[in-house]
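Asks: dropping the sequence and predicted coords here.
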Amino acid sequence: MQIKLITDIPYYRAAKFPAAGLVEWSGDHNIRITAREFVDKILQFTKLLSHTGIGTGTRVAIFAQSTRIDMLAAEYAVMQLGGIVCPLHWTSISEFIREALRNIAPQYCMVPDEKHRQAIKSHIAADSSLKIVQLDILDSSAIATELPQTPTEDVSALIISTSGTSGNTKGVVLSHHNLIFTTLASAAAVPINSNHTILSFLPISHILERTVMYSAMLLGAEIHIADSPRHAYLLTNRVKPHYFTGVPRNLERTFVRFKHASNQRGFFTRQIFAWSLRQGTRISSSMDFAIGPALARRFVLRKLRRLFGRRIKGIIVGGAAMNAEIIQWFDMAGIKVREGYGLSETSGVITLNRFTQGGYKFGTAGRPLPGVEIKIDSGVDEAHGQIMVKSPSVMQGYIIDGQFEETKTSDGWLATGDTGNIDNNGFLSITGRIKDNFKNSFGQYVSPVRIEKRLELEIGIERSIVIGFQRPFTSTLIRPDFEFLESWAASQYVHWTAPEYMVHNPDVIQYYQSIIDEINKQTQLHERILGFALIADEWTAESGILTSTLKLRREVILEKYKKVVQNVYS
């Protein structure tokens, strides 16, 4: 069977792997259906939805708290009817959901039940003509007897709302051809097969998770869908996945918590953790006598594997760069973390570290997928080269204020907005985002992402943002890890009150100053942090501070904490 459309994937899966399962989790309970049963659902929804008016070019917003089998089948049904699926980020605050709806201008919004119908109604303008389709009350008596004509490859299939780190909402329009190219290229680059189990917990409004799920379906893997990213770690021991997709921050947090736990338990445990870290980075030390590595594997690395369900083989990460030291630490435990790079505008992954020997390089985003070309445009400015990409996966264009704008490229090359470099072996390294890098008041370039990554490896720092555009020095706002901070306060006999008061406590401020002092020793002079403030507020996607892939919304943060920043520089 030739696969040309995204809607071909479930049919191919049913024909080749009819017993392959799709499992939906809700708490401790799950529903499992086979590939054949999933196709039956798609056909049923296609016939039901054909009477709603959904057809070629119809934009259908998808609004659901978590990925559900019925909603997934209904998405395929919409695409089979020629419609365009427009997933909304459930975790976004009302302002961003309303903006996405206004910008994409969908004709329909699909929800699974009454709860979601009421939730989406609160985001819809009073004069909106948006029709809500509630799946659990579709009229089965109006089912069609014939299926519509199959759409063609160049028909739009998906619009991904990307508010990015600036907060300006755009709709990325992707065709069946765009998505199929990435799906097939990704499937050829990963070792997943029909004997493997995949855990999916990121929202499929995230392009990486969506394309990895398409690939896993194509390859016949058993796919388990978590009802929430927060339940992912609880499910790993139930599901025991071989592979899953994540964002770097989740794995970095795991590393920091292991580090903190070892520090809490005395010198011997600290030394074992240090051994595990040196084993991962292959750094020798006079303290590395024969028993050290064995203890590291037994007491640290084995626990790490157990956390992910023991069978874990690999984790695909994207959305942001990840610290190479942590990737090596996971690798020592037999967990192959492989970074990739891509954008919504490129239908997801364009480069990936492979799982084969010689096909990966820690600290890079890997090599291009087959059929993808990348280059560096050194003409952006004197300090940074922009990553350019030419690929069949490059989007058709943007939806902005309800209107389609065709992709603007230079001789077929799309400017990504990211900076990086390519080594002699073709591995791509990401150095930052052009709009994030800034010049201080002395005209010196600062790359904030690199400094933020270094800060966030420290125990006690949950998130940070580095600032200093047209300022005399670099500074940072830090969101502490208050769970750690409370235990630290108890160990230091510092009276604990509440986060909003602890961020002003002199002992706490001195603790974070000591962390910054150590980091400054390893930082270029003009990038050293000479001022900071601690923030008590939660930084989440729900609060509007982070994107759905946990990246900082920089303009939103700087506006929200304008007075705090002024105080830092005063």
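Replies: That came in fine, so what should we check first? Numbering: from 1, shown residues only.
Asks: close enough to count as contact, His242 and Ile198?
Replies: Yes: between His242 and Ile198 a contact is recorded at 7.2 Å, counting by Cβ atoms under 8 Å. The way it works is simple: take the backbone N, C-alpha and C, and place the C-beta from them, glycine included.
Asks: what do these two both touch?
Replies: Both His242 and Ile198 are contacted by 192, 221, under the criterion Cβ atoms under 8 Å, 6 or more residues apart in numbering.
Asks: what number of residues lie near the nearest residue to Pro10 once chain neighbours are set aside?
Replies: Take Pro10 and drop its neighbours on the chain: the residue closest to it by Cβ to Cβ, 6 or more residues apart in numbering is Val39, 5.3 Å away. Neighbour count for Val39, taken as other Cβ atoms under 10 Å: 20.
Asks: can you confirm Val39 is in a helix?
Replies: Yes: Val39: assigned to a helix according to DSSP: H, G, I helix; E, B strand; the rest coil.
Asks: and the pLDDT for it?
Replies: Val39 is assigned a predicted lDDT (pLDDT) of 96.
Asks: that one contacts Tyr11, correct?
Replies: Yes: between Val39 and Tyr11 a contact is recorded at 6.0 Å, counting by Cβ under 8 Å.
Asks: before we move on, back to that, so what's the residue nearest to Pro10 up against?
Replies: Contact analysis of Val39 by Cβ under 8 Å, 6+ apart lists 10-11, 13-14.
Asks: same thing but 6 Å
Replies: Residues near Val39 by Cβ atoms under 6 Å, 6 or more residues apart in numbering: 10-11, 14.
Asks: format those as JSON lines; extra columns: neighbour count and distance to Thr346.
Replies: As requested, those are arranged in JSON lines below (neighbours: other Cβ atoms under 10 Å; distance: Cβ to Cβ, whole Å):
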{"residue": "Pro10", "neighbour count": "24", "distance to Thr346": "24"}
{"residue": "Tyr11", "neighbour count": "19", "distance to Thr346": "26"}
{"residue": "Ala14", "neighbour count": "20", "distance to Thr346": "29"}
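Asks: list just the nearest of the residues you listed to Ser215.
Replies: Nearest to Ser215 among the contacts of Val39, counting by Cβ to Cβ, is Pro10 at 13.0 Å.
Asks: can you spell out which helices and strands pack onto the helix or strand containing that closest one?
Replies: Here Pro10, judged by DSSP states H and E, is contained in helix 8-16. Applying 3 or more Cβ pairs under 6 Å, 6 or more residues apart in numbering; DSSP states H and E, one finds that helix 8-16 contacts helix 35-49, helix 207-218.
Asks: helices and strands of this structure: which one bottoms out on pLDDT?
Replies: Within the chain, no helix or strand scores below helix 291-296, which has a mean of 56 by mean pLDDT, DSSP states H and E.
Asks: what sits against the closest residue to Phe45 other than its chain neighbours?
Replies: Nearest residue to Phe45 in three dimensions, chain neighbours excluded: Ala77, at 3.7 Å (Cβ to Cβ, 6+ apart). Going by Cβ under 6 Å, 6+ apart, Ala77 touches 42, 45-46, 49.
Asks: in CSV: those residues, plus pLDDT.
Replies: Listed next are the contacts of Ala77 as CSV, based on pLDDT from 0 to 100:
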residue, pLDDT
Ile42, 95
Phe45, 94
Thr46, 93
Leu49, 92
